[in-house]
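Visitor: sequence unknown, structure follows:
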């Protein structure tokens, strides 16, 4: 005989389960087929295509799927009560955040850093040095009493070096003070250093974690959509043409529609790929579809703005021929499903996913050179300052000291460095 006009296939999904429940409650049988062009339905040159066209031209009694209820379609077909609430939503892709080059400084405010290294370290270093210099066992006191210089040559440079090593818990060769007062000051500083370093380390981890960035868009009236050329680079967004989403935007936001035409996508799958590859900044489409795709996305890189915020709210309905005798029975059955929670259960099974639609999330990843740039800049600056100090040291301690008569004031001045302490020792022995 003749070949069968239809091929029987196994179908599954949210709408299929709704259809099965309707057939059981309303008591009807059905033959299910897919429209040839795979479209929902749009009037092109006066002719309706897609699922709406099948119902309008009476080739089908009803059509079920992600059919958005709108005014134009409602003029030629009857829709059931909405069984899924939807509208227009915006999807964007998560992008990997970056760590600021100055992240290693951000655990403390600039004022704290200044207080720590300009005020506290300098003041405490001078205090420790002064206590040690005038201590009964100090180098200076031995000279003034006519004794041989057997005491410690503890300079202000050594004082700074000692306090610096305590702050960063460095195991470096240092000379400890001998005076009791100096030791007490060093112990207090050591306790302060423990608190300072522990607080810094605890806060640093939070600042070094990369946070995924999501482009913030408030809605279709956002300036990124209304004035995309004002952004740098220009904001790129689009939708799938010939659908209710494009029709709504074309009717209400003409300038926006003009810009987005060159970024429109052939299908939802193409749009998701473009988002992930960075070819598209935002994708505008049916909210229910976007929420579904975001929940099922591999890697959870896609997210709808505002935790699924919906604009131009409408719903999915079952399209039937005008004045269909099935409409009342189907409406009552759908309302029963909504009241009994059956629709919610099916949404949980089919439309929810493992991905959470959060605004941002943290992620662990390797830090590259850009993330640590601030530390390297600091090293370069330190090397430059070291060269300046090196030149200044030679100028002061190898040139100027020969032109200044040796006095007790010079001994105090030379005590500021290790180099300055040695000539004083040689003079005392002569």
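Guide: Alright, I've got the coordinates. As the structure is a computational prediction, the values presented were derived from the model and not from experiment.
Visitor: Please make it C-alpha for all contacts and neighbour counts, starting now.
Guide: Noted.
Visitor: Show the average pLDDT along the single longest strand found in the chain.
Guide: What stands out as the longest strand in the chain, according to DSSP state E, is strand 84-93. Averaged over strand 84-93, pLDDT sits at 87.
Visitor: So what's the residue count around the spatially closest residue to residue 65 that is not a sequence neighbour?
Guide: Nearest residue to residue 65, sequence neighbours excluded (Cα to Cα, 6 or more residues apart in numbering): residue 15, at 5.8 Å. Applying other Cα atoms under 10 Å, we find 18 other residues in the vicinity of residue 15.
Visitor: now residue 15: how far from residue 349?
Guide: Applying Cα to Cα, to the nearest Å, one obtains 12 Å for the distance of residue 15 from residue 349.
Visitor: Also residue 66?
Guide: 17 Å.
Visitor: Pick out whichever of those two has more residues nearby.
Guide: Per other Cα under 10 Å, whichever of residue 66 and residue 349 has more neighbours is residue 66, with 18 against 12.
Visitor: Do I have it right that the more buried one meets residue 316?
Guide: Yes - using Cα atoms under 8 Å, residue 66 is in contact with residue 316, at 5.8 Å.
Visitor: Show me which positions of the longest strand of the chain end up buried.
Guide: 84, 86, 87, 88, 89, 90, 91, 92, 93 (16 or more other Cα atoms under 10 Å).
Visitor: just stretch 43-51 next, same as before
Guide: For stretch 43-51, by 16+ other Cα under 10 Å, it's 48, 49, 50, 51.
Visitor: Need the residues you listed in CSV (columns: pLDDT).
Guide: As requested, those are arranged in CSV below (pLDDT from 0 to 100):
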residue, pLDDT
48, 91
49, 90
50, 90
51, 93
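Visitor: Return the member of the residues you listed nearest to residue 389.
Guide: residue 50 (80.2 Å; Cα to Cα).
Visitor: residue boundaries of the strands in the protein?
Guide: According to DSSP E, the strands that the chain contains are 43-44, 47-48, 62-63, 78-79, 84-93, 210-211, 237-238, 282-286, 302-304, 311-316, 319-320, 362-363.
Visitor: if we can go back for a sec, I'd like to know which of the buried residues of stretch 43-51 are part of helices.
Guide: Mapping those onto helices (DSSP state H) picks out 50, 51.
Visitor: can you redo the buried residues of stretch 43-51 as JSON lines with distance to residue 251?
Guide: Formatted as JSON lines, the buried residues of stretch 43-51 follow (distance: Cα to Cα, whole Å):
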{"residue": "48", "distance to residue 251": "19"}
{"residue": "49", "distance to residue 251": "21"}
{"residue": "50", "distance to residue 251": "22"}
{"residue": "51", "distance to residue 251": "23"}
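Visitor: Check which residues of stretch 296-306 are buried.
Guide: Neighbour-count burial for stretch 296-306, with 16+ other Cα under 10 Å as criterion, is recorded at 296, 297, 300, 301, 302, 303, 304, 305, 306.
Visitor: Stretch 108-116 now?
Guide: Per 16+ other Cα under 10 Å, stretch 108-116 contains no buried residues.
Visitor: for it, how far is the first residue from the last?
Guide: 10 Å.
Visitor: and it, average pLDDT?
Guide: On average, stretch 108-116 scores 85.
Visitor: Enumerate residues external to that stretch that contact any of its residues.
Guide: By Cα atoms under 8 Å, 6 or more residues apart in numbering, the residues outside stretch 108-116 that reach it are residue 200.
Visitor: what about that stretch, distance to the chain center?
Guide: 27 Å (Cα atoms, centre = their mean, to the nearest Å).
Visitor: can you check stretch 62-81 too?
Guide: Computed by Cα atoms, centre = their mean, the chain-centroid distance of stretch 62-81 equals 40 Å.
Visitor: List the buried residues for that stretch?
Guide: 62-69, 73, 76-81.
Visitor: How about stretch 255-266?
Guide: In terms of neighbour count (16+ other Cα under 10 Å), stretch 255-266 has its buried residues at 256, 257, 259, 260, 263, 264, 265.
Visitor: and which of those is nearest residue 220?
Guide: So of the buried residues of stretch 255-266, ranked by how close each gets to residue 220 (Cα to Cα), first place is residue 256, at 9.0 Å.
Visitor: residues contacting that closest one?
Guide: 225, 226, 227, 249, 250.
Visitor: In terms of pLDDT, where does it sit?
Guide: Reported pLDDT for residue 256: 90.
Visitor: The one 3 residues further on too?
Guide: In this model, residue 259 is scored at 90, pLDDT.
Visitor: any idea how far it lies from residue 227?
Guide: Taken as Cα to Cα, the span from residue 259 to residue 227 is 9 Å.
Visitor: Would you check how far apart residue 303 and residue 153 are?
Guide: 66 Å.
Visitor: doesn't residue 85 make contact with residue 343?
Guide: No - between residue 343 and residue 85 no contact is recorded; they are 11.2 Å apart, counting by Cα under 8 Å.
Visitor: so where's the stretch 251-400 of the chain uncertain?
Guide: Along the stretch 251-400 of the chain, the parts satisfying pLDDT under 70 run over 306-309, 354, 356-372, 398-400.
Visitor: Could I get the full set of helices for it?
Guide: Counting by DSSP state H, counting those that start in this stretch, one finds helices in the stretch 251-400 of the chain at the ranges 254-260, 268-277, 287-296, 327-340, 342-350, 373-398.
Visitor: Tell me which of these sits nearest to residue 19.
Guide: Nearest to residue 19 among the helices of the stretch 251-400 of the chain is helix 327-340 (10.0 Å), distances taken as Cα to Cα.
Visitor: Sort out which residues of the longest helix along the chain are buried, please.
Guide: Secondary structure of the chain per DSSP H: the longest helix is helix 180-208. Buried residues in helix 180-208, counting neighbours by 16+ other Cα under 10 Å, are found at 182, 183, 186, 189, 190, 193, 200, 204, 207, 208.
Visitor: domain parsing for this structure?
Guide: 1-83+317-340, 87-97+213-316+341-363, 103-209+372-429 (automatic domain parsing).
Visitor: Deepest in the core, which of those is it.
Guide: domain 87-97+213-316+341-363 (a mean of 18; mean count of other Cα atoms under 10 Å).
Visitor: How far away from the center of its chain is that one?
Guide: 18 Å.
Visitor: per-residue pLDDT, residue 428?
Guide: pLDDT, residue 428: 34.
Visitor: let me fix that: residue 155
Guide: On pLDDT, residue 155 comes in at 78.
Visitor: Go ahead and confirm it touches residue 128.
Guide: No - using Cα under 8 Å, residue 155 is not in contact with residue 128; the gap is 9.7 Å.
Visitor: Hmm, residue 26 and residue 329 touching each other?
Guide: Yes - between residue 329 and residue 26 there is a contact at 6.3 Å, judged by Cα under 8 Å.
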